[in-house]
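Asker: this is a predicted model, with the sequence first.
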Amino acid sequence: MLSLSGLSVALALALFPGSGEALREGDCEVCVTFLGKLYRSLEDDKVNFNSADIEKAVVKSCRDAKGKENRFCYYIGATSDAATKMINEVSRPLSHHVPVVKICEKLRKKDGQICDLKYDKQLDLTTVDLRKLRVKDLKKILEVWDESCKGCAEKNDFIRKITELMPRYAPAAASARTDL
């Protein structure tokens, strides 16, 4: 009798997969955001929703992508240096107007790394004490601004460069800071 109930439980689990397949809030953050922006831009541009046109649009969007979104594009094969090619796993469902959350769920089954991508936390430059940040974080601020700090050897050099560039890239933060 015990083996019969174990068999029925196994059969029930096989026929009715649990909620472990669905995305939770915050899962696949980069995938959902990137594909959501892409879908909205396709609608706004009134692109013909076929796989070939969508694939071209994905590749074009991925050329401009930076950071985690570029890594996502690499994983789906939309960059020139990608080793795999799963771009059709994105373009085909988008051509049928499948919700981006469902597309990301299917991508997670193919490659779990896709859903491990998360955006970096945004720093509030108006209140953060730059002296308490790590050099890695200071470099990331400059990277987001597409700037570099040539000749910077110490933390104070990076802080000086950020405070120098802050009025150009974050004017509200620059005017709110009193330590500049």
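Answerer: Received it, and whenever you're ready, just let me know what you need. Numbers count the residues shown, from 1 in each chain.
Asker: host element of the residue positioned nearest the centre of the chain?
Answerer: Nearest residue to the geometric centre of the chain (CA atoms, centre = their mean): Val30, 2.6 Å. For Val30, the element it lies in under DSSP states H and E is helix 29-44.
Asker: buried by neighbour count: which residues of that helix qualify?
Answerer: Residues of helix 29-44 classed as buried: 29-35, 38-39, 42 (neighbour count, 16 or more other CB atoms under 10 Å). Using the backbone N, CA and C atoms, a C-beta is placed for each residue, glycine as well.
Asker: repeat for stretch 142-153
Answerer: For stretch 142-153, by 16+ other CB under 10 Å, it's 142, 149, 152.
Asker: which one among those residues gets closest to Val128?
Answerer: Using CB to CB, Leu142 is the member of those that lies nearest Val128, at 14.4 Å.
Asker: give me the mean pLDDT for the helix holding Val30.
Answerer: For helix 29-44, mean pLDDT is 91.
Asker: next SSE after it?
Answerer: helix 51-64.
Asker: helices and strands around that next one, which ones?
Answerer: helix 29-44, helix 68-76, helix 88-95 (3 or more CB pairs under 8 Å, 6 or more residues apart in numbering; DSSP states H and E).
Asker: what does it contact?
Answerer: Residues from elsewhere that reach helix 51-64 (CB atoms under 8 Å, 6 or more residues apart in numbering): 34, 37-38, 41-42, 47, 69-70, 73, 76, 78-79, 87-88, 90-92, 94-95.
Asker: which other residues reach stretch 28-35?
Answerer: 23, 61, 65, 68-69, 71-73, 90, 94, 100-101, 103-105, 107-108, 114-115, 117-119.
Asker: coming back round to it: and the buried residues of helix 29-44, which is closest to Lys136?
Answerer: Among those, and counting by CB to CB, the member closest to Lys136 is Val30, at 20.0 Å.
Asker: about what we covered before: give me the buried subset of the contacts of helix 51-64.
Answerer: Counted by 16+ other CB under 10 Å, those give 34, 38, 42, 69-70, 73, 76, 78-79, 87, 90-91, 94-95 as buried.
Asker: for the residues you listed, give me a markdown table that also has distance to Ser51.
Answerer: Output for the buried ones among the contacts of helix 51-64, formatted as a markdown table (distance: CB to CB, whole Å):
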| residue | distance to Ser51 |
| --- | --- |
| Phe34 | 18 |
| Leu38 | 14 |
| Leu42 | 12 |
| Glu69 | 21 |
| Asn70 | 23 |
| Cys73 | 17 |
| Ile76 | 14 |
| Ala78 | 14 |
| Thr79 | 19 |
| Ile87 | 10 |
| Val90 | 10 |
| Ser91 | 5 |
| Leu94 | 8 |
| Ser95 | 5 |
